[in-house]
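**Student:** Turn this into a model:
(one chain, ligands or ions: 1)
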Amino acid sequence: MEAQAKSADQYVDDDSFEGMLAATTRFVRERLMPLEPQVEERDEVPEEIVGAMKEMGFFGLSIAPEFGGSGLNAEQQARFQMALSLSSPAFRYVYSSNLGIGSRGISLDGTDAQKAEFLPRLASGELVGAFALTEPDAGSDAGSLTTRAERRGGDYVLNGAKRFITNATRADVFTVMARTDPQSPGASGISAFIVDRASAGLSVGKPEKKMGHRGSQIADVVFDNVVVPASRLIGAVEGKGFRTAMKTLDHGRINIAAMGVGMAQRLLDEAVAYAGTRRQFGRAIIDFQLVQAMLADSEAEIQAARAMTLAAARRIDATGTAVKDAAAAKYFSSEMLCRVADRAMQVFGGAGYVADYPIERMYRDARLLRLYEGTSQILQIVIARAIGNEHGFRVA
Ligand code: COS
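**Tutor:** Here you go, the predicted structure:
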């Protein structure tokens, strides 16, 4: 690996990280990939894998060592996610909300007491975190959310509903964005809270039946007069919750971009292996130039997405922010993934459409990446606003 300048908060040196990555890649190939059909069929990841991930420290990869994590920087996290995402995305959801959106708000904006109380338990995997932003009427327009947090003495009382919350059924603690100022209908009236799953009045709905990503569950979370102590207001300041959510999503988008790279690489690996052995017209189909073109386009696009993702990660490591680059990496990588999945299906022909081969599952799994943590269209808006700003225009 090329020698790299260490960012201020890189805790794991390059050699140790390469060792960790090699061990992870072995784990993916030897333990996770063979379990993919079982996870797809049973819609759950075996407990022994969850335990192994805890032991390997996956839950605390992004959390600072002072709170019991490994403190990987964003570039290392992205490379880790690329390696893990060679296998089914279901495995990634086991630990990834603790690495990402389920802990990031606390790491970025929490008070010292909030960090000390929650980060060590998230890092060990004792607690599973989840991120609750989306609502039935507030998806892309996250700033219009209506879940209410009303101050009453030393507490807040939460009422409202969140939708499609990843890991809701397993989560112990939610980062919940709720409106503390009803007079302020936009982003500035929103605050972020750390809410215990066990709180009276909090209920989790039935898992949704989804197109893909079996083994990971999403569900509604409903707040009916849920009392949350004021000490759980992230950062102890009202009105900052939307920014906390957006900064969390900037990191999250880099992770999703990395996931797209890993999933696309696996699709290409499968397509090359199949093309090299499948014979038609008296020769392996990889000898046909039209098949070669599909493989070559996929390789080139994966390289581009990998480079963009790592560049966004390096920028956030170096400067603490990468709104445009994170959006661009996630936009390109998720769109690229769907093109690669489509080509892989084409290379497999009819065999790709039946569930005996992994392409059918991976094709369905790929589609979600263009939707969550910002649809492609929202990311285009984020990118366009950023470049407009760079040129001195305030883009609507
Ligand atoms: N980092 C820090 N601050 C940010 C930010 C970011 N990435 N993005 C926005 N903000 C700040 C803005 O600077 C602004 O602050 P001021 O009011 O102090 O100027 C405030 O937040 C509001 O921002 P903006 O005006 O851009 O908000 P909009 O309501 O126009 O919404 C979009 C912006 C559409 C980009 C946002 O709602 C979004 O990302 N939607 C998608 C949500 C999403 O990804 N959902 C998936 C849920 S998780 S699966």
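**Student:** what kind of secondary structure is the residue lying closest to Ile234 once chain neighbours are set aside in?
**Tutor:** Ranked by C-beta to C-beta, 6 or more residues apart in numbering and with sequence neighbours excluded, the top spatial neighbour of Ile234 is Ala192, at 4.1 Å. From N, CA and C alone the C-beta is placed, and that goes for glycine too. Three-state assignment for Ala192 (DSSP: H, G, I helix; E, B strand; the rest coil): strand.
**Student:** Likewise for Leu122?
**Tutor:** helix.
**Student:** I'd like the distance from Ala257 to Gly110, if you could.
**Tutor:** In this structure, Ala257 and Gly110 are 25 Å apart, going by C-beta to C-beta, to the nearest Å.
**Student:** So those two - more neighbours on which side?
**Tutor:** The residue with more neighbours, out of Ala257 and Gly110, is Ala257; 33 against 25, by other C-beta atoms under 10 Å.
**Student:** just to confirm, which helix or strand has that one in it?
**Tutor:** Taking DSSP states H and E as the definition, one finds Ala257 inside helix 241-277.
**Student:** so how far is that helix from its chain's centroid?
**Tutor:** 9 Å (C-alpha atoms, centre = their mean, to the nearest Å).
**Student:** okay, now the residue nearest to Ile234: neighbour count?
**Tutor:** Each residue near Ala192 was counted by other C-beta under 10 Å, and the total is 31.
**Student:** Use 53 as the first number from now on
**Tutor:** In the new numbering, first residue 53, that becomes Ala244.
**Student:** wait, what's in contact with it?
**Tutor:** 157, 161, 227-230, 285-287, 292-293, 296-297 (C-beta atoms under 8 Å, 6 or more residues apart in numbering).
**Student:** and of these, the nearest to Val91?
**Tutor:** The shortest separation between Val91 and any of the contacts of Ala244 is 26.4 Å, and it belongs to Thr227 (by C-beta to C-beta).
**Student:** Backbone dihedrals for the closest one, please?
**Tutor:** The main-chain torsion angles of Thr227 are listed as degrees, to the nearest 10 and equal phi -90, psi 110.
**Student:** For the helix or strand Pro89 falls within, which residues meet the burial criterion?
**Tutor:** Following DSSP H and E, the helix or strand that holds Pro89 is helix 88-94. Residues of helix 88-94 classed as buried: 88, 91-92 (neighbour count, 16 or more other C-beta atoms under 10 Å).
**Student:** For the ligand, see how far away the residue nearest to Ile286 is.
**Tutor:** Counting by C-beta to the nearest ligand atom, to the nearest Å, the separation of Ala244 from the ligand is 12 Å.
**Student:** Please name the residues that touch the residue in the stretch 253-402 of the chain positioned nearest to the ligand.
**Tutor:** The ligand sits closest to Met298 of the stretch 253-402 of the chain, with a gap of 3.4 Å, by C-beta to the nearest ligand atom. If a contact means C-beta under 8 Å, 6+ apart, then Met298 has Val375 as its contacts.
**Student:** where are the low-confidence patches of the stretch 53-202 of the chain?
**Tutor:** Screening the stretch 53-202 of the chain residue by residue with the criterion pLDDT under 70, one finds the ranges 53-61.
**Student:** show me where it has strands.
**Tutor:** In chain order, the stretch 53-202 of the chain shows strands spanning 181-184, 200-204, with DSSP state E, counting those that start in this stretch as the criterion.
**Student:** Point out the most buried one among these.
**Tutor:** Across the strands of the stretch 53-202 of the chain, the average number of neighbours (mean count of other C-beta atoms under 10 Å) peaks for strand 181-184, which reaches a mean of 28.
**Student:** Could you list the residues of the stretch 303-448 of the chain in contact with the ligand?
**Tutor:** By the criterion of C-beta under 6 Å from any ligand atom, the positions of the stretch 303-448 of the chain lying close to the ligand are 375, 424-426, 430, 434.
**Student:** Give me the buried subset of the contacts of Ala244.
**Tutor:** Going by neighbour count (16+ other C-beta under 10 Å), these have 157, 161, 227-230, 285-287, 292-293, 296-297 buried.
**Student:** Local confidence estimate at Pro237?
**Tutor:** At Pro237, the predicted lDDT confidence score is 86.
**Student:** got the phi/psi numbers for it?
**Tutor:** Dihedral angles (degrees, to the nearest 10) for Pro237: phi -70, psi -20.
**Student:** and it, what does it touch?
**Tutor:** Contacts here follow C-beta under 8 Å, 6+ apart; on that basis Pro237 touches Ser196.
**Student:** and of the buried ones among the contacts of Ala244, the nearest to Ala370?
**Tutor:** The shortest approach to Ala370 among those belongs to Asp161, at 20.1 Å (C-beta to C-beta).
**Student:** so that closest one touches Lys292, yeah?
**Tutor:** Yes. Because the distance of 6.6 Å satisfies C-beta atoms under 8 Å, Asp161 is recorded as touching Lys292.
**Student:** So for those two, which residues contact both of them?
**Tutor:** 244, 286.
**Student:** which is the next helix or strand following the host helix or strand of Val399?
**Tutor:** Secondary structure from DSSP H and E places Val399 in helix 375-400. Towards the C-terminus, the helix or strand next in line after helix 375-400, according to DSSP H and E, is helix 411-419.
**Student:** Just give me the neighbour total for the nearest residue to Glu127 once chain neighbours are set aside.
**Tutor:** What sits nearest to Glu127 in space, not counting adjacent residues and going by C-beta to C-beta, 6+ apart, is Ala365, at 4.1 Å. If you count neighbours by other C-beta under 10 Å, Ala365 ends up with 27.
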